[in-house]
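In: Next come a sequence and a model predicted from it.
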Amino acid sequence: MKDGETPNQPAFTGGFSVPQPASPDIQATIYRFQRDWANWLYWTVGYNGTEGCPVSPEFRVPVHEDVLAQAKAAIAALQARNQYEGRQWINSDYTSIEPSAHSPKNLIVTVRETWSDCLVTYLGSDPFAWYDSGQPEPVTARRGPYTVDVSYELEPLGEACTPDPKGTDCYTWRIVRFKELTEHPGWETP
């Protein structure tokens with residue numbers, strides 16, 4: 001090692017290390033997406049409570065229209081069952097970063113994510129009536145902490161990114177698609 005002849009890493013280290021770490025701008029894009037996705041699953045129809053603070057789901061990070069359609073479909077499925085999910089992000093480990101086979105400028109980033117979730121089933125049309133009436137959130141099931149592998153395809157935006165004085169976030173990558181590669185565990189009744 002003193003002579004600069006470091007041996008290659010053993011194959012078993014591939015499960016917990018990445019030859020090329022994710023740059024901070026890639027990590028910022030994926031982390032913001034994770035937060036935005038969790039918000040989509042929580043603010044199913046938007047909160048417009050008695051305190052007059054309407055909140056609706058949005059992606060603050062740039063996403064492709066296919067990702068937006070995927071989010072809307074997930075929300076529609078929850079709404080059809082009068083449910084929403086609360087997700088708490090715990091950890092992310094980047095397991096691989098490689099060029100996309102379809103578009104060489106794009107990157108495929110695989111992330112091992114750890115989450116803890118709750119599921120709420122509500123009565124009526126207002127998912128947050130419990131909040132307005134001062135009641136505890138009606139959690140009907142929980143899962144986790146659990147780990148899921150997720151593949152993200154990122155497209156470079158090709159623009160310089162400078163935050164404005166108001167502190168608005170800026171991103172140099174757009175999420176083109178994402179896919180969960182492993183199954184979520186089942187829900188457990190508390």
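Out: Cool, got the structure.
In: Every contact and neighbour count from this point should use C-alpha atoms.
Out: OK.
In: Which residue ranges of this structure form strands?
Out: Secondary structure of the chain by DSSP state E: the strands cover 83-99, 107-121, 139-156, 173-180.
In: Can I get these in TSV including distance to D25, mean pLDDT and mean neighbour count?
Out: Shown next, in TSV, are those (distance: least, C-alpha to C-alpha, whole Å; pLDDT from 0 to 100; neighbours: other C-alpha atoms under 10 Å):
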stretch	distance to D25	mean pLDDT	mean neighbour count
strand 83-99	13	91	18
strand 107-121	13	94	19
strand 139-156	11	95	18
strand 173-180	8	94	18
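In: W187: which of the ones you listed is closest?
Out: strand 139-156 (5.1 Å; C-alpha to C-alpha).
In: A71 is nearest to which of the strands of the chain?
Out: Comparing the strands of the chain against A71 with C-alpha to C-alpha, the closest turns out to be strand 173-180 (10.7 Å).
In: Could you list every helix and strand in contact with that closest one?
Out: helix 24-42, helix 65-80, strand 139-156 (3 or more C-alpha pairs under 8 Å, 6 or more residues apart in numbering; DSSP states H and E).
In: Need the contact partners of it.
Out: With contacts defined as C-alpha atoms under 8 Å, 6 or more residues apart in numbering, strand 173-180 is touched by 25-26, 29-30, 33, 61-64, 66-67, 148-157.
In: hmm, try it at 7 Å
Out: Under the criterion C-alpha atoms under 7 Å, 6 or more residues apart in numbering, residues 26, 29, 62-64, 66-67, 148-157 lie in contact with strand 173-180.
In: and that strand with strand 139-156, angle?
Out: Strand 173-180 runs at 130 degrees relative to strand 139-156, counting by axes from the mean of the first three to the mean of the last three C-alpha atoms, to 10 degrees.
In: one step back: need the helices and strands packed on strand 173-180 in TSV with distance to P57, can you?
Out: Formatted as TSV, the helices and strands packed on strand 173-180 follow (distance: least, C-alpha to C-alpha, whole Å):
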stretch	distance to P57
helix 24-42	5
helix 65-80	10
strand 139-156	20
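In: Please consider this matter closed, and thank you.
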